[in-house]
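Novice: Whatever this is, show me its structure:
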Amino acid sequence: MATYAQIAKSSRKPKYSTRIVRRCWNCGRRRGFIGAFNLCRICFREFANAGLIPGVRKSSW
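Specialist: A predicted model of the protein is given here:
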């Protein structure tokens, strides 16, 4: 879980465009971010397994 200070810092406009920090809307994690869903990999898996993300299903091969 990201601290309040980290979330506040990443929400400000950065000096350079490459310093943009994208965070998961659910937990605030910045690593393992999936941009199409605005979720981190961990929250994405939890939501997908619970059936909360439409059009996503678990695959196996």
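Novice: What residues does Phe47 make contact with?
Specialist: Phe47 sits next to Asn26, Leu39, Ile53 when contact means Cβ atoms under 8 Å, 6 or more residues apart in numbering. Bear in mind the C-beta positions are built from the backbone N, C-alpha and C, glycine included.
Novice: Among those, which one has the most neighbours?
Specialist: Using other Cβ atoms under 10 Å as the neighbour criterion, Leu39 leads the contacts of Phe47 with 23 neighbours.
Novice: Nearest residue to that one in space, please, no chain neighbours.
Specialist: What sits nearest to Leu39 in space, not counting adjacent residues and going by Cβ to Cβ, 6 or more residues apart in numbering, is Cys24, at 5.3 Å.
Novice: Then Phe33?
Specialist: Arg22 (5.1 Å).
Novice: Just say helix, strand or coil for that neighbour.
Specialist: Here Arg22 is coil, with the state taken from DSSP: H, G, I helix; E, B strand; the rest coil.
Novice: And Arg29, by the same measure?
Specialist: coil.
Novice: Now for it: which residues touch it?
Specialist: Met1, Ala2, Arg23, Cys40, Ile42, Cys43.
Novice: burial of the fifth one, as a residue count?
Specialist: The number of residues packed around Ile42, counting by other Cβ under 10 Å, is 14.
Novice: what's the pLDDT at it?
Specialist: The per-residue pLDDT reported for Ile42 equals 96.
Novice: my read: it touches Arg31, true?
Specialist: No. Counting by Cβ atoms under 8 Å, Ile42 stays clear of Arg31, with 10.0 Å between them.
Novice: still on that earlier bit, now the residue nearest to Phe33: phi and psi?
Specialist: phi -100, psi 130 (degrees, to the nearest 10).
Novice: May I see the buried residues of the one helix or strand Ala5 maps to?
Specialist: Here Ala5, judged by DSSP states H and E, is contained in helix 4-11. By neighbour count with 16 or more other Cβ atoms under 10 Å, helix 4-11 contains the buried residues Ser10.
Novice: right, and the helix or strand after it?
Specialist: Next along from helix 4-11, by DSSP H and E: strand 33-34.
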